[in-house]
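# Generate a structure from the sequence data that follows.
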Amino acid sequence: MLLQPVTLTIDGVTTDTPAYGITAGSLLNHLGMEIRPDDQLKPPAWLPMLFTRHISLITSADVDIFNGDELTTISSTERRPANLLLLADIPLYPFDSLAADGQPASLDTLLPPASRHTLQYRQAVPLHYSNGGFSMDFYSSALTVGAALWEQGIQVKPGDALDPPFNTPLDKPITVFHQHGRELTVIDSGVHKIIRSSASTVGNVLLDAGLSLQGLDYCDPAEDQLVPANGIIKLIRVREEVLLNQTPIPNSIEYQADANTELDHQTVIDSGEYGLKIQQIRIRYEDGEEVSRQAESEWIAREPRPQIIGYGTKVVIRTAQVDGLNLEYWRSVTVYATSYSPCRSGVNECLDRTANGMKVEQGVVGVIRSWYDQMNGQQIYIPGYGSAIIADIGGGIAGKHWIDLAYSDADYVAWHSNVTIYFLTPVPANIPWILP
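Just a heads-up that it's a prediction; the model follows:
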């Protein structure tokens, strides 16, 4: 059997093929093609190919049409989305949007041949936009409020306030309030930061800036205050530390008799110990600088223990050769010696009697009052002067051993020198153990 060629046009693509069959249907079956009920085939599949050698096939597709939450599926050979929407009884309005097989598409987009297509139709919704000084009404089928504003050339910058928020789904009529932010300066620990914010209070500005007050931190103006007209907010970082200040407490000195120590010598019986006072001080720092220091409390951590000095009460009799004389003495003391006479006693009159009534002449010694009260009548020897009796009260200087050597006005000798004096035996019954 002679096979005559057939011209086959499938979805606009034409080829020549041998006629394997007597009908269009048998030919397409031979070529492995399934005829769907909604396909457009000319001639019909059952008609013998006696009068034509051309077969035309426009394949149909199942089209899933999403209209919001509604799904409509139709089967059609139609390729244009506008006609497919009309077939699905979906009315078209200006500003509506369409996506075909996941890609943005126009109503006149020609869909390629395929067994299935997906159309996503979004009906535009009305929006009312206001930014305080300007308002407008428009329609948009964008997915979000932000995308709808972008379509209108309205930019939402960082720091702007948008109500409802930028990513709010656009699925119903909506009113959008847009408050533009302004540049503000936040000084954080001395560091200047420029931010944009539309917040009306200081606290919300700090939130927009990603800053927060911690612990004792504070800001100027305060968090609950309105943003100042100059746009400057100062954030002060505060920290406190507690200092324990230690102050030594001096201990006292106590004296006690020590029979094992020689007269005019001392031994340390107990060295004692300083006390310790603790003062708790709170120091406040703002932005790293100390601004205050306050004592909160204080206490005695350790009481002082007195130092105990043992003064010698052991009398030792000694001998010495002085001025060619053999002296026996029980105490020797270095003093500063001056001299006086009845008319050289430092007053405006001549005094010829001592404090105990003796005549002022060589052999009489004046001492400070504290010595006189304890040593009146004591026999001493002064090198270069000779033997003498403590019998008068001189002026002296506090804290210094000082004696006045008496002379008559006729034989007066001036003294201004240090000298060692000797307290001669016998040892008196009452001894001043510690010399004043």
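# all helices of the stretch 301-436 of the chain, in order?
369-375 (DSSP state H, counting those that start in this stretch).
# All the strands of it, residue numbers only.
All strands of the stretch 301-436 of the chain, identified by DSSP state E, counting those that start in this stretch, fall at 307-314, 318-322, 325-340, 364-367, 379-382, 386-393, 402-406, 416-424.
# Residues touching the longest one, excluding its own?
The set of residues external to strand 325-340 that reach it, using CB atoms under 8 Å, 6 or more residues apart in numbering, is 263-264, 315-321, 346, 360, 366, 381-382, 385, 394, 400-407, 412-425, 427, 435. The C-beta positions use only the backbone N, C-alpha and C, and glycine is treated the same way.
# again, only this time at 7 Å
263-264, 315, 317-320, 366, 381-382, 400-407, 412-425, 427, 435 (CB atoms under 7 Å, 6 or more residues apart in numbering).
# pLDDT weak spots in this protein?
Counting by pLDDT under 70, the low-confidence segments of the chain come to 1-4, 398.
# L143: how many residues sit nearby?
Applying other CB atoms under 10 Å, we find 15 residues neighbouring L143.
# can I assume it is in contact with L170?
Yes: the pair L143 / L170 is scored as a contact, 6.3 Å apart, by CB atoms under 7 Å.
# coming back round to it: what's the ChimeraX syntax to select whichever of the contacts of strand 325-340 are buried?
Buried residues among these (16 or more other CB atoms under 10 Å), as a ChimeraX selection:
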select :263,366,381,382,401,402,403,404,405,406,407,412,415,419,421,422,423,424
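# picking up where we left off before, please tabulate the strands of the stretch 301-436 of the chain in TSV, including the columns distance to H30.
Converted to TSV, the strands of the stretch 301-436 of the chain look like this (distance: least, CB to CB, whole Å):
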stretch	distance to H30
strand 307-314	129
strand 318-322	155
strand 325-340	149
strand 364-367	155
strand 379-382	159
strand 386-393	158
strand 402-406	151
strand 416-424	150
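# mind checking which of those strands is nearest W150?
Among the strands of the stretch 301-436 of the chain, the nearest to W150 by CB to CB is strand 307-314 (89.0 Å).
# Grab the CA positions of the closest one and hand them over as CSV.
C-alpha atoms of strand 307-314 as CSV (Å, rounded to 0.1, in the frame of the first residue of the first chain):
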residue,chain,number,x,y,z
GLN,A,307,52.3,49.9,123.4
ILE,A,308,53.6,49.2,126.9
ILE,A,309,57.0,50.7,127.8
GLY,A,310,58.7,49.6,130.9
TYR,A,311,60.6,52.4,132.6
GLY,A,312,63.5,51.3,134.8
THR,A,313,63.3,51.5,138.6
LYS,A,314,66.5,49.7,139.3
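# Pull up the pairing partners for that strand, direction included.
Using DSSP bridges, the strands paired with strand 307-314 are strand 253-262 (parallel), strand 266-270 (antiparallel).
# Please identify the buried residues of it?
Quick answer for strand 307-314 (16+ other CB under 10 Å): 307-313.
# what does stretch 103-122 give?
Buried, per 16+ other CB under 10 Å, within stretch 103-122: 105, 109, 111, 117, 119-122.
# now, the most widely separated pair of these?
Largest pairwise distance in these, by CB to CB, is 18.0 Å, between L111 and R122.
# For D188, give the beta-bridge partners.
V191, L235.
# burial count for it?
Neighbour tally, D188, other CB under 10 Å: 18.
# Am I right that it is in contact with S212?
No: look at D188 against S212 with CB under 7 Å: they stay out of range, at 10.6 Å.
# This structure - how does it break down into domains?
5-58, 61-122, 125-179, 182-236, 242-312, 316-424 (automatic domain parsing).
# Distance to I431 added to those, as a markdown table?
Putting these into a markdown table (distance: least, CB to CB, whole Å) gives the following:
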| stretch | distance to I431 |
| --- | --- |
| domain 5-58 | 143 |
| domain 61-122 | 121 |
| domain 125-179 | 96 |
| domain 182-236 | 69 |
| domain 242-312 | 7 |
| domain 316-424 | 8 |
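# So E290 sits against R282, correct?
No: E290 lies out of contact with R282 (CB under 7 Å); the separation is 11.3 Å.
# so who does T420 touch?
With CB under 7 Å, 6+ apart, T420 has these contacts: 332-334, 383.
# Buried subset of those, written for PyMOL?
The PyMOL command for the buried members of those (criterion: 16+ other CB under 10 Å) is given here:
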select buried, resi 332
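# Just the element for L206, please.
helix 202-208 (DSSP states H and E).
# what's the following helix or strand after that helix?
strand 218-220.
# Quick check: buried residues in that next one?
C219.
# The chain should start at 29 in everything you say after this.
All right, first residue 29 from here; so that's strand 246-248.
# Show me what it is packed up against.
In terms of contacts (3 or more CB pairs under 7 Å, 6 or more residues apart in numbering; DSSP states H and E), strand 246-248 is packed against strand 260-264.
# Identify all contacting residues around the strand it packs on.
Residues from elsewhere that reach strand 260-264 (CB under 7 Å, 6+ apart): 212-216, 230, 233, 239, 245-248, 314-315.
# List just the nearest of these to L379.
E314 (74.2 Å).
# Around the closest one, count how many other residues there are.
Count around E314 with other CB under 10 Å applied: 16.
# Could you double-check that it lies in contact with D248?
No: look at E314 against D248 with CB under 7 Å: they stay out of range, at 11.0 Å.
# next one: phi and psi at A176?
phi -60, psi -40 (degrees, to the nearest 10).
# Skipping its backbone neighbours, what lies nearest it in space?
S168 (3.6 Å; CB to CB, 6 or more residues apart in numbering).
# Mind giving me the packing neighbours of the helix holding L234?
Taking 3+ CB pairs under 7 Å, 6+ apart as the contact cut, helix 230-236 packs with strand 219-225.
# can we see that at 6 Å?
The helices and strands touching helix 230-236, judged by 3 or more CB pairs under 6 Å, 6 or more residues apart in numbering; DSSP states H and E, number zero.
# tell me, how many neighbours does the residue nearest to V153 when sequence neighbours are not counted end up with?
Leaving aside its chain neighbours, V153 sits nearest to P201 (5.3 Å; criterion: CB to CB, 6+ apart). Residues contacting P201 under the criterion other CB under 10 Å number 10.
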